[in-house]
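Asker: Got a sequence here, can you model it:
(chains A, B and C)
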Amino acid sequence: MPKRSRRSVAWPGTVVSRPFFERPSTDVAPQLLNKILAGADGRAGRIVEVEAYVGSMDPAAHTYRGQTPRNAVMFGPAGHMYVYFTYGMHWCSNCVCQVGEGVLIRALEPLHGVDLMYEARSWGMKERDLCRGPARLTQAMGITGAQNGIDLVGARDGFAILDDGMPPPKALVGGPRIGIRVGVDLPWRWSVPDNRYVSGPVARGA
DNA sequence: CGGGCGATACCCT
DNA sequence: GGGTATCGCCCGA
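Answerer: Next comes the predicted model:
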């Protein structure tokens, strides 16, 4: 018998390690495409849409005006998860990169544990809508404020980013970021081309 | 499948 | 006190 781990289900691929995250979020974000967000209970989805946030120059970033109690995790070690509460009812999840920068995960293509995702969302809904949107995917994956600050590296805290060998898309599809009023012109949103699980419109021409 | 609209509580000024 | 890194529901195509 192999030694018992906290992972109740075998994860596909290898856990992405810390140096991957210790870079500018605009470098990390496109390379997160086609990687996998996985939970210890077997729920997992392929990352098909991301957004970079750069505190130092980005008025839309939570970290733009410096450290506060809410955004403290974003000023901590790379490779941790920053989970914030918004619009009075939704949780959104980010990967922390270099200090003050992070990548918002905006959409997943469901891969494993789809029955648990339906249970967490709603049994009648379309599979396409399970994880299409940053707050939908946290609900589907079981991510809340309880996960704010957990380490995505080391497989200790129940969630990880996995690499199963699928590379990021060759031709990146970009577009304006969504749901913000300032900094909309910064082209820091990326998605997998022609993927039906992407949450928003893609820009014409790149 | 895309657009318009109300709901909701926490954060920061 | 104002604004929010959103969603589900409804409508029409």
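Asker: rest of the way, CA atoms for contacts and neighbours
Answerer: Noted.
Asker: Just the element for A:Ala107, please.
Answerer: According to DSSP states H and E, A:Ala107 maps onto strand A:101-112.
Asker: residues in contact with A:Thr86?
Answerer: A:Cys92 (Cα atoms under 8 Å, 6 or more residues apart in numbering).
Asker: Which residues of chain A lie near DNA strand C?
Answerer: Proximity of chain A to DNA strand C, by Cα under 7 Å from any atom of the strand, involves residues A:53, A:60-63, A:86-88, A:90, A:92-94, A:102-104, A:121, A:129, A:132-137, A:178-182.
Asker: Sitting in strands, which of the residues you listed do you find?
Answerer: Of those, the ones assigned to strands by DSSP state E are A:Tyr53, A:Thr86, A:His90, A:Cys92, A:Ser93, A:Asn94, A:Gly102, A:Val103, A:Leu104.
Asker: Whichever of these end up buried, select them in PyMOL.
Answerer: Written as a PyMOL command, the selection of buried residues from these, which uses 16 or more other Cα atoms under 10 Å, is:
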select buried, chain A and resi 53+92+93+94+102+103+104
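Asker: Make a markdown table from the ones in strands among the residues of chain A next to DNA strand C and add pLDDT and distance to DNA strand B to it.
Answerer: Shown next, in a markdown table, are these (pLDDT from 0 to 100; distance: Cα to the nearest atom of the strand, whole Å):
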| residue | pLDDT | distance to DNA strand B |
| --- | --- | --- |
| A:Tyr53 | 90 | 15 |
| A:Thr86 | 94 | 6 |
| A:His90 | 94 | 9 |
| A:Cys92 | 96 | 13 |
| A:Ser93 | 97 | 15 |
| A:Asn94 | 97 | 16 |
| A:Gly102 | 95 | 15 |
| A:Val103 | 96 | 18 |
| A:Leu104 | 95 | 17 |
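Asker: Generate TSV for the ones in strands among the residues of chain A next to DNA strand C, with distance to A:Gly42 as supplementary columns.
Answerer: As requested, these are exported to TSV (distance: Cα to Cα, whole Å):
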residue	distance to A:Gly42
A:Tyr53	29
A:Thr86	27
A:His90	23
A:Cys92	20
A:Ser93	18
A:Asn94	20
A:Gly102	25
A:Val103	23
A:Leu104	22
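Asker: any idea which of the ones in strands among the residues of chain A next to DNA strand C is closest to A:Pro19?
Answerer: Nearest to A:Pro19 among these is A:Gly102, at 14.0 Å by Cα to Cα.
Asker: just checking, that closest one touches A:Ser25?
Answerer: Yes: proximity of A:Gly102 to A:Ser25 meets the contact threshold set by Cα atoms under 8 Å, at 5.4 Å.
Asker: Show me which residues of chain A are close to DNA strand B?
Answerer: Going by Cα under 7 Å from any atom of the strand, the residues of chain A near DNA strand B are A:65, A:67-71, A:85-89, A:196, A:201.
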